[in-house]
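S.K.: sequence and predicted structure below; questions after.
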Amino acid sequence: MTKPKHEFRSRCSIARSLEILGDKWTLLVVRDLMWHGKHTFQELQNSEEHLPPNLLSQRLKRLMDWDLVERQAYQDRPVRYRYTLTDRGRELEPTLLQIMGWGHAHLGGGLYDPAQGKTVAKAST
């Protein structure tokens, strides 16, 4: 897939990554696709964060443009799509685990274990 033409504001790899992934919702969409079994627009919209449909649509488009997510029609009338992470999107798992571990250690909340498919500990707040 050809990457979209994009003029990055910085040469820094962190800054460039944040231009693609660093807004409030994008990594939560990746999280839901990766670990929470959410694959349709409706399922993603109904996550616990209640992402507005226009923002979800924008985030999915950006993730598809950067070959992190792909979609496949599963219904013809009306057309409905199933979203899945590409190999490139699944490469974000160690990063998500690191962010989650840091948040668990310093901010509280649940610690999700992908191997068990559930939250295994909750920090006291």
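M.R.: Right, received. Where do you want to start?
S.K.: can you check which helix is longest in the protein?
M.R.: helix 93-107 (DSSP state H).
S.K.: residues of that one that come out buried?
M.R.: By neighbour count on 16 or more other Cβ atoms under 10 Å, the buried set for helix 93-107 is 96, 100, 104. Placement of C-beta: from N, CA and C, glycine included.
S.K.: kindly report the same for stretch 4-14.
M.R.: Going through stretch 4-14 with 16+ other Cβ under 10 Å, nothing comes out buried.
S.K.: tell me which residue lies nearest the centroid of this protein.
M.R.: For the chain, the residue nearest the mean C-alpha position is Val30 (1.5 Å; Cα atoms, centre = their mean).
S.K.: and it, which of the three is it?
M.R.: helix (DSSP: H, G, I helix; E, B strand; the rest coil).
S.K.: Glu70 belongs to a helix?
M.R.: No. According to three-state DSSP, Glu70 belongs to no helix; its state is strand.
S.K.: Val79 versus that one, what's the distance?
M.R.: According to Cβ to Cβ, to the nearest Å, Glu70 and Val79 sit 15 Å apart.
S.K.: go on, Pro94?
M.R.: Using Cβ to Cβ, we find Pro94 at a distance of 34 Å from Val79.
S.K.: neighbour-wise, which of Glu70 and Val79 wins?
M.R.: Neighbour tally, Glu70 and Val79, criterion other Cβ atoms under 10 Å: the higher count belongs to Glu70, 16 against 8.
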